[in-house]
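Chemist: just a sequence and a predicted model for now, questions to come.
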Amino acid sequence: ANVTVTDLEELQELLMVNIENNRHLVTGSVRAKVLKWGEDVTEFQPPPDYILMADCIYYEESLEPLLKTLKDLTGPDTCVLCCYEQRTMGKNPEIERKYFELLQMDFELEKIPLDEHDEEYRSEDIHIVNIHRKQT
């Protein structure tokens, strides 16, 4: 696959270290780019086939920028796999509920059952959701 890994500007150096440390595993291409949620995503077009999200649901102020970025990045055939740890402390349950409520305005969700998760890494508090744009 041709992969673009993204994070904020201040984490680009760490992304490059991770790419270098894993280059022997890469059979396609991998590059690191800055992506700040809520900002322009023109340089990431056309829409990718897949978007993999990990631990992105934790900060209430980031929900709307994250959802805007997902809407702007995805096309009708883009598959989004969202993996997150369910956190039960503080405002986390409320933030998670709000995220999925807002997400369902434009996307369809399918929770991947725990027995379909990788046996070595599965955990009751780790969830994976398959997300697609609603057909218009």
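Modeler: Yep, it's here.
Chemist: and the gap between V41 and R122?
Modeler: With distances defined as C-beta to C-beta, to the nearest Å, the gap from V41 to R122 amounts to 32 Å. Placement of C-beta: from N, CA and C, glycine included.
Chemist: what about those two, which has more around it?
Modeler: Each of V41 and R122 had its neighbours counted (other C-beta atoms under 10 Å), and the higher figure belongs to V41 (19 against 12).
Chemist: for S62, see how far away the residue nearest to the more buried one when sequence neighbours are not counted is.
Modeler: Counting by C-beta to C-beta, 6 or more residues apart in numbering, V41 lies nearest to D72, which is 4.7 Å off, once chain neighbours are set aside. Using C-beta to C-beta, we find D72 at a distance of 15 Å from S62.
Chemist: what does G90 give?
Modeler: Counting by C-beta to C-beta, the gap from G90 to S62 is 16 Å.
Chemist: more crowded one of these two?
Modeler: Counting neighbours by other C-beta under 10 Å for G90 and for S62 shows that S62 has the greater number, 16 against 8.
Chemist: against Y84, how distant is the more buried one?
Modeler: Applying C-beta to C-beta to S62 and Y84 gives a distance of 13 Å.
Chemist: mutual contacts of these two, please.
Modeler: Shared contacts of S62 and Y84, defined by C-beta atoms under 8 Å, 6 or more residues apart in numbering, comprise C56.
Chemist: how far away from the center of its chain is the lowest-mean-pLDDT helix or strand in the chain?
Modeler: Least confident element among the helices and strands of the chain, by mean pLDDT, DSSP states H and E: helix 92-103 (a mean of 90). Offset of helix 92-103 from its chain centre (C-alpha atoms, centre = their mean, to the nearest Å): 15 Å.
Chemist: residues in contact with the next helix or strand after that helix?
Modeler: Past helix 92-103, heading to the C-terminal end, the next element that is a helix or strand (DSSP states H and E) is strand 107-111. Contact partners of strand 107-111, identified using C-beta under 8 Å, 6+ apart, comprise 70, 80, 100, 103, 127-134.
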